[in-house]
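In: Here is a sequence together with a model predicted from it:
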Amino acid sequence: MIFKERFQDQFLNVLGILIGTAIYAFGLHYFVISNELMEGGLTGISLLLKYVLNVPPSISTLVFNIPLFYLGWRNFGKGPMLYTIFGVICLSLFLWVMEWLIHMGWLVPFHTTQDYFLATLYAGITLGTGLGLVFRFGGTTGGSDILARIGHKKRGWSVGQVILIIDVVVIGSSFIYLPKEKVLYSLVAVFVTSRIIDYISEGAYAAKAFTIISEQPNVLAESITKVLDRGVTLFPARGAYSGNTKEVVYCVVYRHETRQLRELIHAVDPRAFIIVGDVHEVIGEGFKTN
């Protein structure tokens, strides 16, 4: 039964990442590249290479991520990187499929010279939907996400802030090649993308607070610290009905880590009582700093 449940979960994760990367690749070619708009991160660098040197994004995306695979593998281990590697390979594959469909004339991208706002809006919706699905099912598309997680582990930098800085630098550098109007439209698309990601994946870089009542609080706290690299607090508590005393586990994580934390809790104590709450702001080590 446990093996069957794990197989079903992995199958759904793989299917979700496949659908998400397909939607993202479609939006990138159909709305973004056809109108010479921009994106942040390594995707933005791939787009600049496409515009300036006509290098296919399907190739540059994979090539840029190969050294990051190595860094991620060394810093986070095999398990956490498998879905990331799978997501990047799927993205490169679907980008190649879209390039082939456009070359064959079977897919005609949406190109406009008048209403860039419409292209921007739908670019944000499709890219956000694709990435939201990828994040929701435990994957990433590599790039700046890996760099941000390494920066957090090595230096304690905020993941969200590192990604924001990378996006600003990449999009800002596009002023050299693209008209400023298209760069400004691209910023709107990035904003829409982030909102859609928040909606679909419950906020990739917002936070959730977990209050866990378990028969194995110490084992659970140690597992969370080792696997997620998150701080854990243990509170003494007493059951009102039973009168039994035990320790309650409290932990705050980014929302894209909630699925992994739930699976970890279930593996340690399937009967654990879990309370999950929204956290609007977190200031401290591993999150934002003043």
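Out: Sure thing, it's come through.
In: Only C-alpha atoms from now on, for both contacts and neighbour counts.
Out: Will do.
In: which residues of the stretch 51-200 of the chain fall in helices?
Out: 57-76, 78-104, 116-136, 144-155, 159-173, 180-201 (DSSP state H, counting those that start in this stretch).
In: Go through these and pick out the most buried.
Out: helix 116-136 (a mean of 24; mean count of other CA atoms under 10 Å).
In: I'd like the distance from it to the chain centre, please.
Out: 13 Å (CA atoms, centre = their mean, to the nearest Å).
In: Residue 250 against residue 208, yeah?
Out: No - using CA atoms under 8 Å, residue 250 is not in contact with residue 208; the gap is 10.8 Å.
In: Surely residue 261 is in contact with residue 224?
Out: Yes - under the criterion of CA under 8 Å, residue 261 makes contact with residue 224 at 7.4 Å.
In: Give me the mean pLDDT for stretch 103-117.
Out: Average pLDDT, stretch 103-117: 89.
In: Pull it out as PDB, backbone CA atoms only.
Out: The C-alpha trace of stretch 103-117 is given here as PDB (Å, rounded to 0.1, in the frame of the first residue of the first chain):
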ATOM      1  CA  HIS A 103       9.800  26.000 -38.100                       C
ATOM      2  CA  MET A 104       7.300  23.600 -39.800                       C
ATOM      3  CA  GLY A 105       4.700  26.300 -39.800                       C
ATOM      4  CA  TRP A 106       2.300  24.300 -37.600                       C
ATOM      5  CA  LEU A 107       2.500  26.800 -34.800                       C
ATOM      6  CA  VAL A 108       2.200  30.500 -35.600                       C
ATOM      7  CA  PRO A 109       3.300  32.700 -32.700                       C
ATOM      8  CA  PHE A 110       1.300  35.700 -31.500                       C
ATOM      9  CA  HIS A 111       3.100  38.700 -32.900                       C
ATOM     10  CA  THR A 112       1.900  42.300 -32.500                       C
ATOM     11  CA  THR A 113       3.200  45.700 -33.300                       C
ATOM     12  CA  GLN A 114       0.400  47.600 -31.600                       C
ATOM     13  CA  ASP A 115      -1.000  45.900 -28.500                       C
ATOM     14  CA  TYR A 116       2.000  44.800 -26.500                       C
ATOM     15  CA  PHE A 117       0.000  44.900 -23.300                       C
END
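In: Contacts for that stretch, please.
Out: 29-31, 34-35, 98, 101-102, 119, 185 (CA atoms under 8 Å, 6 or more residues apart in numbering).
In: would CSV of those with distance to residue 146 be doable?
Out: Below are those laid out as CSV (distance: CA to CA, whole Å):
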residue, distance to residue 146
29, 24
30, 26
31, 26
34, 28
35, 28
98, 25
101, 30
102, 31
119, 29
185, 27
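In: tell me which of these is nearest to residue 53?
Out: Distance to residue 53 across the contacts of stretch 103-117 (CA to CA) is lowest for residue 34, with 15.4 Å.
In: what's the neighbour count on the closest residue to that closest one other than its chain neighbours?
Out: Spatial nearest neighbour of residue 34, excluding adjacent residues (CA to CA, 6 or more residues apart in numbering): residue 111 at 5.5 Å. Neighbour count for residue 111, taken as other CA atoms under 10 Å: 16.
In: Please state the backbone phi and psi of the nearest residue to residue 52 once chain neighbours are set aside?
Out: Excluding the flanking residues, the one nearest residue 52 by CA to CA, 6+ apart is residue 177, at 7.9 Å. Per-residue torsions, residue 177: phi -110, psi -40 (degrees, to the nearest 10).
In: what's the angle between the strand or helix carrying residue 251 and helix 159-173?
Out: Taking DSSP states H and E as the criterion, residue 251 maps to strand 245-254. Angle between the axes of strand 245-254 and helix 159-173 is 0 degrees (criterion: axes from the mean of the first three to the mean of the last three CA atoms, to 10 degrees).
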